[in-house]
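Visitor: All I have is the shape, not the residue letters:
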Ligand code: HEM
């Protein structure tokens, strides 16, 4: 039984047991168009400003037998994120989804701590420097493709979304597997196909045990899983042999991970390192966690800069000043202040990950409310980032100047801005992603000016990440 303990104000609404109210709420959430930046979208998305106003800062729904607490209160969000052993990630039960999500993101307590410790060195700022040339190569390839589309004209209309997805996918393949880039690319193409098949399977009518029926889809999913694992295993074996012969390149994610694992095992604790199967799972996770998230950031940045060309000009001026037409380098990228403010504001309006999910295994208190074991928690990043009580009446406007003195100055340490999550499970790849995104934007600004095309239709859709449902059609002008 849930108890309400000492909560003030009307912002806490309990919908427990009130089926009528709950059905009404779900129906409304499904039928209201989303209104962000005053652009009405044509397809329904439940993460809208209206539902925030309607339902207060904390509310409850039932999904099947388990209650779900929806949270948009920064203090409670912080409590959940900081206490990661108490409020745990929801372990993926569905064996189909487990084909995709495993590794660090799906580990808990001691297993998570061990994996995180071994993987951490791969994302150290010092190591990231070595990955910047790979970022550059992939961005240059994309920009050359864009230039080819002009066919002698000065301007060209383009849906940039698929190009940005290919960019971030190539970046992960190169940085994860270095010299085995082409094999890495094939692995990630297979992972993408697997993702589509898993989504398709989840969306179709579920019959228990049906994954064992040898349908065309099930067979393909098995084949992909085997091919991906075999390929990564073969890259790892070759890498281990090369390292023993003193020839290995240990500057890519896989190399650093193997090195860190080897050192941990050498320190001698039983079961202290990762098995080869676990290393394989982490490699698969890099792709899943780092690809769509970064392309989502880049696509919303380009859309917003196409709408707010004064900020596009300011960002381009800064890039010109720092790099003077030369290839962007790590030091310069770290000095881009306006670009950083722009990314922060893009994340506020369109966070790549719109909600974070957690669950509790034992009765727990949160913000003075006692919650039963098995309770699910949904932390609504998108709604917190759009709360006028936190951000002011201009909350829907694109105003990068909010971040002119950094994130901490705006949030004052509250969990009111959490694009990368927070607490011990904060995104391990955030520095990697920001460096990659800065390289991409700096190079795009060096080569093009861009506006929104009249055929652009604004429809942010929360799939796994926040994606432009109808793509992102821009008009590019050569500089
Ligand atoms: C713009 C880009 C990115 C965004 C917005 C983002 C966002 C996030 C968020 C919100 C979480 C926390 C999820 C939760 O608490 O439930 C997370 C975790 C994680 N991210 Fe990222 N991410 C990005 C890029 C990357 C990249 C490039 C990588 C790796 C190559 C990566 C790897 C991971 C991993 C492994 C975790 C799990 C960490 C753990 O549980 O300890 N992410 N990310």
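Guide: Right, received. Where do you want to start? Keep in mind that this is a model prediction, so the values were computed, not measured.

Visitor: okay, CA-based contacts and neighbour counts for the rest of this
Guide: Noted.

Visitor: now the closest residue to the ligand within the stretch 201-350 of the chain: how far from residue 262?
Guide: Closest to the ligand within the stretch 201-350 of the chain is residue 290: 3.3 Å, counting by C-alpha to the nearest ligand atom. Using C-alpha to C-alpha, to the nearest Å, we find residue 290 at a distance of 24 Å from residue 262.

Visitor: for residue 316, same thing?
Guide: 44 Å.

Visitor: which one of the two has more residues nearby?
Guide: residue 316 (23 against 15; other C-alpha atoms under 10 Å).

Visitor: quick one on the thing from earlier: what about the residue of the stretch 201-350 of the chain closest to the ligand, how many residues close to it?
Guide: Residues near residue 290, counting by other C-alpha under 10 Å: 20.

Visitor: wait, doesn't it sit right on residue 431?
Guide: No - between residue 290 and residue 431 there is no contact under C-alpha atoms under 8 Å: 11.2 Å.

Visitor: contacting residues for the spatially most central residue of the chain?
Guide: With distances taken as C-alpha atoms, centre = their mean, residue 293 lies nearest the centre of the chain, 3.2 Å away. With contacts defined as C-alpha atoms under 8 Å, 6 or more residues apart in numbering, the neighbours of residue 293 are 352, 353, 465.

Visitor: my guess is the last one contacts residue 352, does it?
Guide: Yes - in this structure residue 465 lies within contact range of residue 352 using C-alpha under 8 Å: 5.2 Å.

Visitor: and these two? which has more neighbours close in?
Guide: More crowded of residue 465 and residue 352, by other C-alpha under 10 Å: residue 352, with 27 against 21.

Visitor: what kind of secondary structure is that one in?
Guide: coil (DSSP: H, G, I helix; E, B strand; the rest coil).

Visitor: Just the element for the residue of the stretch 201-350 of the chain closest to the ligand, please.
Guide: helix 276-307 (DSSP states H and E).

Visitor: List, one by one, the residues from this structure near the ligand.
Guide: 104-105, 116, 286, 289-290, 293-294, 297, 352-353, 356-357, 419-421, 425-430, 432-433 (C-alpha under 6 Å from any ligand atom).

Visitor: From those, list the buried ones, please.
Guide: Neighbour-count burial (16 or more other C-alpha atoms under 10 Å) applied to the residues of the chain next to the ligand gives 104-105, 116, 286, 289-290, 293-294, 297, 352-353, 356-357, 419-421, 425, 427-429, 432-433.

Visitor: Now do residue 235: how many residues are near it, please.
Guide: Residue 235: 17 surrounding residues under other C-alpha under 10 Å.

Visitor: quick one: pLDDT of it?
Guide: Predicted confidence (pLDDT) at residue 235: the value is 88.

Visitor: now do residue 328
Guide: Confidence score, pLDDT, at residue 328: 97.

Visitor: isn't it right up against residue 444?
Guide: No - counting by C-alpha under 8 Å, residue 328 sits too far from residue 444 to count as a contact (11.2 Å).

Visitor: and residue 464, helix, strand or coil?
Guide: Note that with three-state DSSP, the state of residue 464 is coil.

Visitor: How about it, nearest residue that isn't a chain neighbour?
Guide: Spatial nearest neighbour of residue 464, excluding adjacent residues (C-alpha to C-alpha, 6 or more residues apart in numbering): residue 353 at 7.5 Å.

Visitor: give the contact list for that neighbour.
Guide: 293, 381, 419, 420, 464, 465, 466 are the contacts of residue 353 under C-alpha under 8 Å, 6+ apart.

Visitor: again, only using 7 Å
Guide: Neighbouring residues of residue 353 by C-alpha atoms under 7 Å, 6 or more residues apart in numbering: 419, 465, 466.

Visitor: To be precise, which single item in those residues has the lowest pLDDT?
Guide: Checking pLDDT across the contacts of residue 353, the minimum falls on residue 465 at 87.

Visitor: related to what we said a few turns ago, so what sits against both of residue 465 and residue 352?
Guide: In contact with both residue 465 and residue 352: 293, 296, using C-alpha under 7 Å, 6+ apart.

Visitor: for the residue in the stretch 101-250 of the chain that the ligand sits nearest to, helix, strand, or coil?
Guide: Using C-alpha to the nearest ligand atom, the single residue of the stretch 101-250 of the chain nearest to the ligand is residue 105, 4.1 Å away. When classified by three-state DSSP, residue 105 comes out as helix.

Visitor: do you know how far it is from residue 165?
Guide: From residue 105 to residue 165 the distance is 21 Å (C-alpha to C-alpha).

Visitor: Likewise for residue 384?
Guide: Taking C-alpha to C-alpha, one finds residue 384 at 27 Å from residue 165.

Visitor: How about residue 469?
Guide: Taking C-alpha to C-alpha, one finds residue 469 at 14 Å from residue 165.

Visitor: likewise residue 375?
Guide: Going from residue 375 to residue 165 by C-alpha to C-alpha gives 35 Å.

Visitor: repeat for residue 124
Guide: For residue 124, the distance to residue 165 (C-alpha to C-alpha) stands at 25 Å.

Visitor: higher neighbour count, these two?
Guide: A count of neighbours by other C-alpha under 10 Å puts residue 165 above the other of residue 124 and residue 165, at 19 against 14.

Visitor: and the more buried one, what helix or strand is that in?
Guide: Using DSSP H and E, residue 165 falls in helix 160-177.

Visitor: In that helix, which residues are buried?
Guide: Neighbour counts over helix 160-177 (16+ other C-alpha under 10 Å) mark 160-161, 163-177 as buried.

Visitor: Where does pLDDT dip in the chain?
Guide: Within the chain, the segments meeting pLDDT under 70 span 1-56, 62-66, 92-96, 98, 101, 203-212, 248-249, 268-271.

Visitor: Number of residues surrounding residue 113?
Guide: 15.

Visitor: What of the one 5 residues further on?
Guide: As a burial measure, the neighbour count of residue 118 was computed by other C-alpha under 10 Å and equals 21.

Visitor: Do I have it right that it meets residue 263?
Guide: No - at 9.1 Å, residue 118 does not count as touching residue 263 under the criterion of C-alpha atoms under 7 Å.

Visitor: anything in contact with each of the two?
Guide: With C-alpha under 7 Å, 6+ apart as the test, residue 118 and residue 263 reach no residue in common.

Visitor: Next, the distance between the ends of stretch 78-90.
Guide: First-to-last distance for stretch 78-90 - C-alpha to C-alpha - comes to 18 Å.

Visitor: Buried ones in that stretch, by neighbour count?
Guide: Of all the residues in stretch 78-90, those buried under the rule 16+ other C-alpha under 10 Å are 78, 79, 80, 81, 82, 84, 86, 87, 88, 89, 90.
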